[in-house]
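Engineer: can't give you the sequence, but here's the structure:
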């Protein structure tokens, strides 16, 4: 005889009059006259169980002893609730179950916190993760995560993609982020690395003719953690042969669109396609949040002639930029608020934050309030007002520095203002889903410290058609067949068409000053593979954790992962990492560099 | 315009008269008069492309230059083959494609071997894995692997199982197999361990109320490798709440049955259920290959009274066993063959292999040929013949030693003889699928070296109902709610109902001489979780690599894994593991124990 006939949350009027058998946890017990009401909870929801001593007889004592989080089994009859006791908020709200048998499967000690307490510290939640995971908030997040992953699998399956597992124990490549290493016991002094991504393996699968590959798989980066990073994270990793850039984008746009439609009933609409150049120019970002209705106004040319070094310096310097950010209605901001933003942009390397309040635009200079207006000639002021389209009551912020600092600082300021209470109140923030593609990334960016070109994506990205020779002659002008899918200012996924010819790949290595010998040592197996009729191919990887965080509106990426690490890369539940036995280290041919405090 | 309209292998008469666009690899080129025939291959199969200079004009030169493994694109018209050129062996065998356009997407240097060479060394195959993966044999294996995994996902999804990811960077537990360790950069002197299985995480997910969990996930064991082992392997890992042992078995039997039916059109039929005790008694194994029609004959009692120490010693010793293995028709074996088997059983610790050839059973002692008959009294001989049911022409092998040695050695001999050419020719091997459940495993086995009880499965396995107290009073008699699914002598999967009460868990630790303090230090988080109304739960894990090896009939587990390690735990393609930079080691607070030879 099965312990359970129905999930608690799924008992409805369809079962009226039937005897059901339920298993779950006591969410709440209420004593009401001679009756005891139990809200019984499982992953599908809550049902009300009525314990009546006349029905339960000897077993009524068990109901009296119930406490929160006891795991129990109930057999009983489904009856309709009276009209005044119907609870429209829950699926089972029109019925209740009159218990005829009650078995305590396992009692519970008193939990360290109430499951419906929304003010728990993250330390408490992660330390008692098992109880935290019982909370409907976490269950909803992880269930959605599963449903999205499964829908993605079914979508890709229908498109002919095949899930092929690639190794977790791979080769360390010192390029890029820091690897997690795994000492080899069999090979003294040698190490495996956990994959930062299956990039080269998936390309080799294309060369091997598998045509379409995907994997939902763990990747690892040993970097200092930010709010949206974890040491191990999950990618939806895809690669296809014989499709061009636009076909690949269309395919994966459809995938994401279908997921949002099915899971959230959200229509993402058409995705605008924006070049990297345009995104940087208008929003100072390669992942612009289009919900924020603020844009940069380009002023570099205008400021070349002013007498104000703060502006004219960057405007005339190579690689400098001057922009304004017009904030409609921003003139109402207090000096304190503006000072706050000034401190904020310094995080991004800006030296300060010039501003102008536009009180009466028709009055020209006299209608403006600002510490800097006196430094600007009339023509510059007129041009600023014209280009920004400033209106009475607006605030203009200015950024003037090296291009990267201006983009980073004013780009961040744009988001900060847009997402602020002021921004929302003033209609600067549009509450919608704002997807777009950012395309035409540069192949290379110049590393000032190392005085050499680095790959913006990775060294296997194909140049745009006709840009092959630029890799040699003008790397800075060479664009890549690379694309990022951006949603609400988050990079959801990114990818590229890859280089499929060994000679082009060697050119890319040349541009990156990777010698043929070094290339052979590091990526020889890929170069080798490219010689055997490698097909044109390309792909994309989505960050599943980020996707689900966005879809659920969770506060943190840690709220969509069952057992996450803290920002100190620790598992507070199991206390990993932890010291290990000397014997284990000996077998791995390693020793600790530093003496450790004696074990407790 | 898309590069491809159809997969090569899927062009059929349905496309007659249509223009198709195909992409693939030149499998073979044949020149035939003025025409060139190209067998064009992709993952779905082969299609014949006809290159006619009158149709291709300028591009015919390209056809002349084609070599094996060139990646090409062909546009052409589908025409019916003439009756005498139809090829029934391939799906596209009734048509051919007359090329109108031919583009070389990527040429190929001459591959180091022919793709249809079946005699490649494993070193060659793993070194040139990308080309090896192009072979239809490997493609078929990996495609089946994917289809099985996807069917399993769909089956489990329909049963309410939810895929929840558990950490790869976990805590090292020195019990069990050796861990792969990952040094922590953030926490000096501390290490993560890669999971040997998600056992404790999945149990915690049950406690957290997720009800049904699965994951197809990598597990890691740093053990010396045997033919069917890999350092990283893939488990279909499942757990459910509120089901009993029989319900769990029924559910997963259905899963495997459906997979075999769908993928191989094989009906596995009902699975016999055999106790561990019976399996060991009859076959000397906890994973008997029921295709081999040989069984042990128990002779321990009979041999107590013989004068032959080789038999009477073990028969009278505590924990000794004497058995016969009757091999019908085996009397025809040569002395050399028998000597071979004698050497074979020594691998398993047997000191020798006694035997009797039964020439004329009605003559009793005189009808037997054997070096040992003279040592056995008449009654013993009569009993041997009676119990084994020996017939003229049979061979009887004997095992006499400690029970474990007898079971291992004669169990292995049973398989060796059954699978031999002799066994197959003599009908001792039945060519069928032979699944069964082995159940009622003992909870504990005694470790003679350590003089203590060890867990046969793992310390979280629940005892049979009523056996709880035996954990304390008679551990050797305590049976577990554990079960293995066995197919053709391979353990396909195994699992158990788990302990869900903290007090019972502590009893199990007591039996294993794990002190409360040690249990708390190692598994405190699980013990803690069990206190909060843990539900009754249990599960199972299948070895996906093994399952696919069995289903494909592959020679090795390495033939169902895209990028496997060698038996020396190396990746010959990427050359992992490999030495790493001193800087990397410094960041991880470790150093090498032994000086390394200078880098090449």
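Structural biologist: Nice, I can see it. Keep in mind that what you see is a predicted model, and the values were worked out from it rather than measured.
Engineer: that's a strand at residue A:236, yeah?
Structural biologist: Yes. Applying DSSP: H, G, I helix; E, B strand; the rest coil, one finds residue A:236 inside a strand.
Engineer: distance of it from chain B?
Structural biologist: Distance, residue A:236 to chain B, using Cβ to the nearest Cβ, to the nearest Å: 12 Å. (C-beta placed from N, C-alpha, C; glycine too.)
Engineer: can you report how many residues neighbour the residue lying closest to residue A:395 once chain neighbours are set aside?
Structural biologist: Spatial nearest neighbour of residue A:395, chain neighbours left out: residue A:330 (2.8 Å); criterion: Cβ to Cβ, 6 or more residues apart in numbering or on different chains. Residue A:330 has 25 neighbours, counted by other Cβ atoms under 10 Å in any protein chain shown.
Engineer: list the contacts of the residue of the stretch 401-550 of chain A found nearest chain B.
Structural biologist: Closest residue of the stretch 401-550 of chain A to chain B, Cβ to the nearest Cβ: residue A:533 (3.7 Å). Shown in contact with residue A:533 (Cβ atoms under 8 Å, 6 or more residues apart in numbering or on different chains): A:207, B:25-26, B:69-71, B:105-108.
Engineer: what helix or strand does residue A:538 sit in?
Structural biologist: strand A:537-543 (DSSP states H and E).
Engineer: return the distance of that strand from the chain's centre.
Structural biologist: 16 Å (Cα atoms, centre = their mean, to the nearest Å).
Engineer: repeat that for stretch A:184-198.
Structural biologist: 28 Å.
Engineer: what sits up against the helix or strand where residue A:274 lies?
Structural biologist: Per DSSP H and E: residue A:274 is located in strand A:273-275. Residues outside strand A:273-275 that contact it (Cβ under 8 Å, 6+ apart) are A:249, A:288, A:436-440.
Engineer: repeat that for stretch A:51-62.
Structural biologist: Contacts of stretch A:51-62 (Cβ under 8 Å, 6+ apart): A:34-38, A:63, A:76, A:98-104.
Engineer: now, the residues you listed that are in helices?
Structural biologist: residue A:63 (DSSP state H).
Engineer: tell me the one of the contacts of stretch A:51-62 nearest chain B?
Structural biologist: Using Cβ to the nearest Cβ, the contacts of stretch A:51-62 come closest to chain B at residue A:104, 9.0 Å.
Engineer: what pLDDT is listed against that closest one?
Structural biologist: For residue A:104, the model assigns a pLDDT of 98.
Engineer: just grab the bridge partners of it for me.
Structural biologist: residue A:72 (DSSP bridges).
Engineer: and residue A:108, by the same measure?
Structural biologist: Under the criterion used here (DSSP bridges), residue A:108 is bridged to residue B:532.
Engineer: my read: it touches residue A:65, true?
Structural biologist: No. Using Cβ atoms under 8 Å, residue A:108 is not in contact with residue A:65, being 11.6 Å away.
Engineer: where exactly do the strands run in the stretch 501-600 of chain A?
Structural biologist: Ranges of strands in the stretch 501-600 of chain A, per DSSP state E, counting those that start in this stretch, are A:537-543, A:590-592.
Engineer: list the buried ones in the last one?
Structural biologist: It refers to strand A:590-592. A:590, A:592 (16 or more other Cβ atoms under 10 Å in any protein chain shown).
Engineer: quick one: check it for contact with chain B.
Structural biologist: Yes. Using Cβ under 8 Å from any Cβ of the partner chain, strand A:590-592 reaches chain B at A:590-592.
Engineer: now what about that strand, what contacts it?
Structural biologist: A:183, A:585, B:183, B:188-189, B:589-593.
Engineer: that one pairs with which strands?
Structural biologist: strand B:590-592 (antiparallel).
Engineer: one more: the first one?
Structural biologist: The sheet places strand A:537-543 alongside strand A:232-241 (antiparallel), strand A:490-497 (antiparallel), with pairing taken from DSSP bridges.
Engineer: next, the buried residues of the shortest one.
Structural biologist: For strand A:490-497, the buried set under the neighbour-count rule, 16+ other Cβ under 10 Å, comprises A:490, A:492-497.
Engineer: who touches it?
Structural biologist: A:228, A:236, A:238, A:244-245, A:248, A:252, A:256, A:286-287, A:435, A:457, A:460-462, A:480-486, A:536-543, A:546-547, A:550.
Engineer: switch the cut-off to 7 Å
Structural biologist: Residues from elsewhere that reach strand A:490-497 (Cβ atoms under 7 Å, 6 or more residues apart in numbering or on different chains): A:245, A:252, A:287, A:457, A:461-462, A:480-486, A:538-543, A:546-547, A:550.
Engineer: circling back: quick check, pLDDT for the residue of the stretch 401-550 of chain A closest to chain B.
Structural biologist: On the pLDDT scale, residue A:533 gets 97.
Engineer: and the longest strand for chain A?
Structural biologist: strand A:19-32 (DSSP state E).
Engineer: next, the buried residues of that one.
Structural biologist: A:20-27, A:29.
Engineer: with that, I have no additional questions.
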